[in-house]
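Engineer: Predicted structure and sequence below. I'll ask about it afterward.
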Amino acid sequence: MSKKTIVVVGASRGIGNALVQLLASNQEHHVIALSRDVEKMKTAFQHLTNVVPMAFDLSSNVRSQAEGIFWNLDKIDVLINNAGLLVNKPFTELSHADLSSCYQVNVVGVMETVQAAVSKMNPAGSHIVNISSMGGFQGSVKFAGLSAYSTSKAALCSFTELFSEEYKDSTIKMNCLCLGAAQTEMLEEAFPGYEAPVSAEKMAEYIADFALNGNQWFNGKILPVSLSTP
Ligand SMILES: NC(=O)c1ccc[n+]([C@@H]2O[C@H](COP(=O)([O-])OP(=O)(O)OC[C@H]3O[C@@H](n4cnc5c(N)ncnc54)[C@H](OP(=O)(O)O)[C@@H]3O)[C@@H](O)[C@H]2O)c1
């Protein structure tokens, strides 16, 4: 099996951190770990020789930052757009900055990262996985306070369908996972005291397996990954 280059965006904590640890446990994987807090990642991944942590901020100049990181790579086999920003506020209290930062990090930043990645994706077959939320999944239970966050995650679902249509004749597959609650700092900050049924590590197990193999069966799909109904 040839060495796989895997890019994980949003790797400094939570599910992204767990994903890097898991994916790097296979020495055939070369993992590029991206987030704003590069020092935190260097400490967290110092025991992993096949992980390269690099600073990356989805807030601005995303395409040029991503191009600067990707040009050095021969190819990208898997790109996991896991970073996310959650704002939990009553609708009328949402500022313009709240709305635009949510959309910048959760939608525009992801789209610009993908723009930079397209020419680097392995022509022999590759997978881009967007991490959305059950809140952005049509027909799911919705929560007050999440109109900025959940609508931006719904836009990420829509982007997945549009990209995969535009690239259907290519070897790049893109899918979107809508996660249910997982125990992370994001969840704890947004909903203090709430106990999720799934740990970050457990959620990462599913995402890692899907990112490595799901492109054989899925393209342009929006998949709920949740124990809750609906
Ligand atoms: N936890 C849940 O219950 C849950 C449920 C549904 C969906 N999700 C989604 O799953 C993903 C991971 O969630 P999580 O709970 O693990 O979140 P988290 O603990 O808050 O981690 C988010 C990651 O995103 C990075 N990030 C945030 N803003 C960034 C920016 N401007 N530029 C680059 N990186 C940025 C953070 O790193 P830095 O701060 O170092 O930049 C961090 O590594 C998110 O997309 C989230 O929306 C989570």
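Structural biologist: Received it, and whenever you're ready, just let me know what you need.
Engineer: what does this protein put close to the ligand?
Structural biologist: Residues of the chain lying near the ligand by Cβ under 6 Å from any ligand atom: 10-16, 35-37, 56-59, 82-86, 105, 131, 133, 179, 181-182, 184-187, 196, 200. Every residue, glycine included, has its C-beta placed from N, CA and C.
Engineer: PyMOL command for the buried members of those residues?
Structural biologist: A single PyMOL command selects the buried members of the residues of the chain next to the ligand (16 or more other Cβ atoms under 10 Å):
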select buried, resi 10+11+12+13+14+15+16+35+56+58+82+83+84+85+86+105+131+133+179+181+182+184+186+187+196+200
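Engineer: Just give the closest residue to residue 78, not the sequence neighbours.
Structural biologist: Nearest residue to residue 78 in three dimensions, chain neighbours excluded: residue 6, at 4.3 Å (Cβ to Cβ, 6 or more residues apart in numbering).
Engineer: what's near enough to touch that neighbour?
Structural biologist: Counting by Cβ atoms under 8 Å, 6 or more residues apart in numbering, residue 6 touches 23, 29, 30, 31, 32, 76, 77, 78, 79, 80, 211.
Engineer: What about the residues you listed, which are in helices?
Structural biologist: Among those, DSSP state H puts 23, 211 in helices.
Engineer: Including neighbour count, could the contacts of residue 6 go into CSV?
Structural biologist: Compiled in CSV, the contacts of residue 6 are given as follows (neighbours: other Cβ atoms under 10 Å):
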residue, neighbour count
23, 26
29, 21
30, 18
31, 26
32, 22
76, 23
77, 22
78, 23
79, 30
80, 29
211, 26
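Engineer: show me what contacts the most centrally placed residue in the chain?
Structural biologist: Using Cα atoms, centre = their mean, the residue of the chain that lies closest to the mean C-alpha position is residue 82, 1.7 Å off. Going by Cβ under 8 Å, 6+ apart, residue 82 touches 8, 9, 10, 11, 15, 16, 19, 131, 207.
Engineer: quick one: it and residue 92, what's the gap?
Structural biologist: 30 Å (Cβ to Cβ, to the nearest Å).
Engineer: before we move on, what about residue 39?
Structural biologist: 38 Å.
Engineer: Mind jotting down where the helices sit in the chain?
Structural biologist: Under DSSP H, the chain gives helices at 14-24, 38-44, 62-70, 96-103, 109-117, 147-166, 185-190, 200-213.
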